[in-house]
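>>> the following comprises the amino acid sequence and a computationally predicted model.
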Amino acid sequence: MPAILSALSDSDADAEEWRLRQDMAAVFRVAARLGWNEQIGNHNSLMLPNRRPDDAPMFLINPRGWLFQELTASSLIVCDLDGRVLRGTGALRKVAFHIHARIHLRNPRAACVVHVHPQYLTALSLLAEPALTLSHHNNLMLNDRIAIDQHGDAPADSHAEGDRLAAALGEKSILLMGGHGVTVIGPSVHDAFDECFIAERTAMYQVTAMSTGQALRRLPEDQRRRWTGPWGERVDARLHLDAWRRVLDREEPEYAT
Ligand SMILES: [Zn+2]
């Protein structure tokens with residue numbers, strides 16, 4: 001059961017859900033700006049706080065058929081872990097269900113699950129050996145949090161595949177999915193967003209450097225931080241998402257409606 005779940009009064013739960021919806025809508029809009037999404041595919045989800053102690057777990061996710069840049073706080077749907085739409089208008093995409101519901105179910109740390117196809121992480125995922133090299137300072141903290149899955153050779157279309165992805169992620173926060181894209185988890189919306197953001201930036205540096213054909217410089221192994229917690233604990237993930245929200249508030253304020 002994700003740590004974010006706790007019993008709240010209805011009014012507190014409404015207020016908390018609305019705040020989380022706005023954060024999620026902001027992540028969809030920023031992801032769209034950064035080109036992380038694949039046409040109307042890709043999905044980000046968040047476990048919601050329980051309204052009552054015996055409530056079944058439920059999560060917030062984007063409905064099928066919408067571009068990330070169209071989504072608003074109120075257009076996200078609420079589903080249970082069996083894939084039923086409990087609230088909101090629209091359908092849950094089958095592949096979204098199999099990836100997200102099973103990772104939420106299997107991984108207590110996965111309050112938020114971001115599944116996207118950003119350019120540079122996805123390019124890395126296409127390589128025969130897609131490891132992140134210990135080359136940029138970001139890698140000193142990041143590399144211990146990345147799992148690489150080389151066995152997902154077809155779209156996730158079953159519980160078994162969702163469970164396999166959850167197991168492949170293990171204790172890590174980033175799953176580089178061979179021939180596919182990336183799934184990033186975090187204990188909050190801002191942590192998962194920030195983690196995906198920094199992983200994509202780091203992959204961008206590496207893929208750009210690799211495109212020169214020169215060998216990559218390697219940092220010394222003894223400088224690795226051996227740290228597996230969410231990146232955001234160290235680099236102000238909340239402040240990062242708040243900064244983006246200020247930009248969105250000015251330039252596309254409907255995201256928060
Ligand atoms: Zn995908």
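Perfect, I can see it now.
>>> when you work out contacts or count neighbours from here on, use the C-alpha atoms and nothing else.
OK.
>>> which helix or strand in this protein has the lowest average pLDDT?
The least trusted helix or strand in the chain, going by mean pLDDT, DSSP states H and E, turns out to be helix 232-235, with a mean of 70.
>>> I'd like the next helix or strand past that one.
helix 237-251 (DSSP states H and E).
>>> ok, residues contacting that following helix?
23, 26-27, 29-30, 190-191, 193-194, 231-232, 255-256 (C-alpha atoms under 8 Å, 6 or more residues apart in numbering).
>>> any idea how far Ile103 is from Arg21?
20 Å (C-alpha to C-alpha, to the nearest Å).
>>> let me fix that, I meant to ask about Glu129.
Going from Glu129 to Ile103 by C-alpha to C-alpha gives 25 Å.
>>> before we move on, the earlier item: mind putting the contacts of helix 237-251 into CSV with secondary structure and distance to Leu124?
Shown next, in CSV, are these (DSSP: H, G, I helix; E, B strand; the rest coil; distance: C-alpha to C-alpha, whole Å):
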residue, secondary structure, distance to Leu124
Asp23, helix, 28
Ala26, helix, 26
Val27, helix, 23
Arg29, helix, 24
Val30, helix, 22
His190, helix, 24
Asp191, helix, 22
Phe193, helix, 19
Asp194, helix, 19
Trp231, coil, 20
Gly232, helix, 23
Tyr255, helix, 31
Ala256, helix, 33
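>>> between the residues you listed, which is nearest His136?
Trp231 (15.1 Å; C-alpha to C-alpha).
>>> how about the closest one, nearest residue that isn't a chain neighbour?
The shortest distance from Trp231 to any non-neighbouring residue, by C-alpha to C-alpha, 6 or more residues apart in numbering, is to Glu195 (5.8 Å).
>>> give me the pLDDT value at the nearest residue to Glu161 once chain neighbours are set aside.
Closest residue to Glu161 in three dimensions, ignoring its sequence neighbours and counting by C-alpha to C-alpha, 6+ apart: His98, at 7.2 Å. Here, the pLDDT recorded for His98 equals 90.
>>> wait, His98 touches Ser158, no?
Yes: look at His98 against Ser158 with C-alpha atoms under 8 Å: they come within range, at 5.9 Å.
>>> pick out whichever of those two has more residues nearby.
Using other C-alpha atoms under 10 Å as the criterion, His98 and Ser158 rank with His98 on top: 23 against 15.
>>> so that one belongs to a helix, correct?
Yes: according to DSSP: H, G, I helix; E, B strand; the rest coil, His98 belongs to a helix.
>>> show me the contacts for it.
156-159, 161-162.
>>> the stretch 101-250 of the chain: helices as residue ranges?
Counting by DSSP state H, counting those that start in this stretch, the stretch 101-250 of the chain has helices at residues 102-106, 119-125, 137-142, 159-169, 189-210, 232-235, 237-251.
>>> the inter-axis angle of the last one versus helix 189-210?
Interaxial angle of helix 237-251 relative to helix 189-210 (axes from the mean of the first three to the mean of the last three C-alpha atoms, to 10 degrees): 90 degrees.
>>> the fourth one too?
Between the direction of helix 159-169 and that of helix 189-210, the angle (the same axes, to 10 degrees) works out to 70 degrees.
>>> how long is stretch 30-40 end to end?
First residue to last in stretch 30-40 (C-alpha to C-alpha) measures 15 Å.
>>> ok, now stretch 35-47?
25 Å.
>>> what average pLDDT does that stretch get?
Averaged over stretch 35-47, pLDDT sits at 95.
>>> how about that stretch: buried residues?
Across stretch 35-47, burial judged by 16 or more other C-alpha atoms under 10 Å covers 36-37, 41-47.
>>> cool, and stretch 98-110?
98-107, 109-110.
>>> quick check, nearest of those to Thr208?
Ile99 (29.6 Å).
>>> thanks a lot, see you next time.
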